[in-house]
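Colleague: model this:
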Amino acid sequence: MSVPAVHEFGYWWHRYRRTWRGTAVISIANPLLFVTALGFGLGRLVDERNSAYLHGGSYLAFIGPGLLAASAMQMGFIHGSGPVFQSARVGGNYRAAVTTPMEPSDIFTGHLLFTAFRATLDSAAILLVLLVFGAASPAALPGAVLTALAFATPISAYAVSTDRPAKLSALFRFVIMPLYMFSGTFFPAEQLPGPLRALVWLSPLWHGTELCRGSGPIVIHVLVLLALIVAGYLAGRRSYTRRLTA
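Modeller: Down below sits the predicted model:
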């Protein structure tokens, strides 16, 4: 990792130091509300029916890791879309940074490093809430961070080159939200029809969710998420260079 990339990380860290209190409250309050409403409210009804899809486990234990992975996906989108788009515009901090000896790839790497830091911090806060309710395992944290980066990296590569925020809104509406609802987060993917189930198994969120649950072929889940991170990073180096040197 280059020294300029560390300087870029320092810029984002300096900004975060002034706003962390608000984000900390959101990171803890949201999962607490979801766990209470779904894990204990809806979960009580699900557990009464003894669904075979839960393999004898409780709905709370099922949905806890799912919420962690889904929150990580949303974190990846949030950190990789709006801040990148705004920074790349005229007057944005990317434009100031590129006038220094810092290369576009350093800017991308430094911002991505900060995204990894935030993903780790926010996922740990959510996991802490889930651990209090016995709804997840500490081993789920690496899976959540990989899930966040698997989305943040390619989204950053796209956001830096887009010209309208409406495109990012469309990405959230037509990609992120369907993945949120139909990737095994709230109900087992095995309940879906065959063709739709096959599509779900291609979803990076499904792999992240299963990884947070410790289910299925762990190595496959990790490799899929790592492949998305690497592909997004290579694409981001190119798109950052094209946009910031134009």
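Colleague: which secondary structure element contains Asp163?
Modeller: Using DSSP states H and E, Asp163 maps to neither a helix nor a strand.
Colleague: Show me the shaky parts of this protein.
Modeller: The model of the chain has pLDDT under 70 over residues 1, 24-28, 39-56.
Colleague: Moving along the chain from the helix ranked longest in it, name the first helix or strand you hit.
Modeller: Counting residues, the longest helix found in the chain (DSSP state H) is helix 104-132. Beyond helix 104-132 in the direction of the C-terminus, DSSP H and E gives the next helix or strand as helix 140-159.
Colleague: So which elements touch that next one?
Modeller: Judged by 3 or more Cβ pairs under 8 Å, 6 or more residues apart in numbering; DSSP states H and E, the packing partners of helix 140-159 are helix 59-80, helix 82-88, helix 104-132, helix 165-171, helix 204-213, helix 218-244. Glycine gets a C-beta too; all of them are placed from N, C-alpha and C.
Colleague: got the CA coordinates for it in PDB?
Modeller: Taking C-alpha atoms only, helix 140-159 is exported to PDB below (Å, rounded to 0.1, in the frame of the first residue of the first chain):
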ATOM      1  CA  ALA A 140     -19.700 -13.700  11.200                       C
ATOM      2  CA  LEU A 141     -17.700 -10.500  11.300                       C
ATOM      3  CA  PRO A 142     -15.200 -11.400   8.500                       C
ATOM      4  CA  GLY A 143     -18.100 -12.500   6.300                       C
ATOM      5  CA  ALA A 144     -19.900  -9.100   6.800                       C
ATOM      6  CA  VAL A 145     -16.800  -7.100   5.900                       C
ATOM      7  CA  LEU A 146     -16.200  -9.200   2.800                       C
ATOM      8  CA  THR A 147     -19.800  -8.700   1.800                       C
ATOM      9  CA  ALA A 148     -19.500  -4.900   2.200                       C
ATOM     10  CA  LEU A 149     -16.400  -4.700   0.100                       C
ATOM     11  CA  ALA A 150     -17.800  -7.000  -2.500                       C
ATOM     12  CA  PHE A 151     -20.400  -4.300  -3.100                       C
ATOM     13  CA  ALA A 152     -18.500  -1.200  -2.300                       C
ATOM     14  CA  THR A 153     -15.600  -1.900  -4.700                       C
ATOM     15  CA  PRO A 154     -17.500  -2.400  -8.000                       C
ATOM     16  CA  ILE A 155     -20.000   0.300  -7.000                       C
ATOM     17  CA  SER A 156     -17.200   2.800  -6.500                       C
ATOM     18  CA  ALA A 157     -15.800   1.900  -9.900                       C
ATOM     19  CA  TYR A 158     -19.200   2.700 -11.400                       C
ATOM     20  CA  ALA A 159     -20.000   5.800  -9.200                       C
END
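Colleague: ok, now which ones touch Glu103?
Modeller: By Cβ atoms under 8 Å, 6 or more residues apart in numbering, Glu103 lies in contact with 2, 4, 241.
Colleague: Sorry, slip of the keys, the one I care about is Trp201.
Modeller: By Cβ under 8 Å, 6+ apart, the neighbours of Trp201 are Ala189.
Colleague: Quick one: end-to-end length of stretch 194-211, please.
Modeller: 22 Å (Cα to Cα, to the nearest Å).
Colleague: let me fix that: stretch 168-185
Modeller: Across stretch 168-185, first to last residue, Cα to Cα, it's 23 Å.
Colleague: you'd agree Val160 is up against Gln86?
Modeller: No: the pair Val160 / Gln86 is not scored as a contact, 10.5 Å apart, by Cβ atoms under 8 Å.
Colleague: So those two - more neighbours on which side?
Modeller: Between Val160 and Gln86, counted using other Cβ atoms under 10 Å, Val160 has the larger neighbour count: 25 against 14.
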